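**Student:** sequence unknown, structure follows:
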């Protein structure tokens, strides 16, 4: 079923840039395990979804669509408005690399998790975070 422009517009308006399902899932398990963090910290470059400021750990929860998961294969999926979507997502990917480089140059540990990774193996994501929390 093809969606109208109004339906597509409404769907896009509802996309959350913070407090997404994957963020909440990861944060709630961290909280349950007793880890205290800051969320969406505007004073840190790139506004990480989760930040352990004292340990200088920045965590980003990236959705597959907006951050270009399997991009070389997925960019061919766009059948309409390719001139808009492909540069938009490629710019998001470039921005992610810029954020990683800047934070790392400032001594931050940057961890990025894909949405499907969080959904399928939240405990595994927590274990990766704990490696840095415990060893830092």
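**Tutor:** Now that the structure is in, tell me what you want to look at. Computed from a prediction, not measured in an experiment: that's the story for all the values here. Numbers count the residues shown, from 1 in each chain.

**Student:** what's the neighbour count on residue 3?
**Tutor:** Applying the criterion other Cβ atoms under 10 Å, we find 10 residues in the vicinity of residue 3. All C-beta atoms are positioned from the backbone trio N, CA, C, and that covers glycine.

**Student:** what's in contact with the host helix or strand of residue 93?
**Tutor:** Element membership for residue 93, per DSSP states H and E: helix 82-105. Residues from elsewhere that reach helix 82-105, judged by Cβ atoms under 8 Å, 6 or more residues apart in numbering: 44-46, 48, 58, 60, 62, 65-68, 71, 75, 78, 110, 112.

**Student:** give me the low-pLDDT residue ranges for the protein?
**Tutor:** Applying pLDDT under 70 to the predicted model, the residue ranges of the chain that meet it are 1, 8-17, 136.

**Student:** can you show me the helices along it?
**Tutor:** Under the criterion DSSP state H, helices of the chain are mapped to 5-13, 21-32, 64-67, 71-74, 82-105, 115-120, 122-135.

**Student:** for the last one, buried residues please.
**Tutor:** Buried positions in helix 122-135, judged by neighbour count with 16 or more other Cβ atoms under 10 Å: 122, 125-126, 129, 133.

**Student:** tabulate those (TSV), appending distance to residue 91.
**Tutor:** What follows is the buried residues of helix 122-135, written out as TSV (distance: Cβ to Cβ, whole Å):
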residue	distance to residue 91
122	29
125	26
126	31
129	28
133	32
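
**Student:** next, count neighbours for the nearest residue to residue 68 once chain neighbours are set aside.
**Tutor:** Counting by Cβ to Cβ, 6 or more residues apart in numbering, residue 68 lies nearest to residue 93, which is 4.4 Å off, once chain neighbours are set aside. For residue 93, the number of neighbouring residues by other Cβ under 10 Å comes to 16.

**Student:** now residue 93: how far from residue 104?
**Tutor:** As defined by Cβ to Cβ, to the nearest Å, residue 93 lies at a distance of 17 Å from residue 104.

**Student:** returning to that earlier point: nearest to residue 52 among the helices of the chain would be which one?
**Tutor:** Taking Cβ to Cβ as the criterion, residue 52 comes closest to helix 122-135 out of those, the separation being 6.5 Å.

**Student:** great, nothing more from me.
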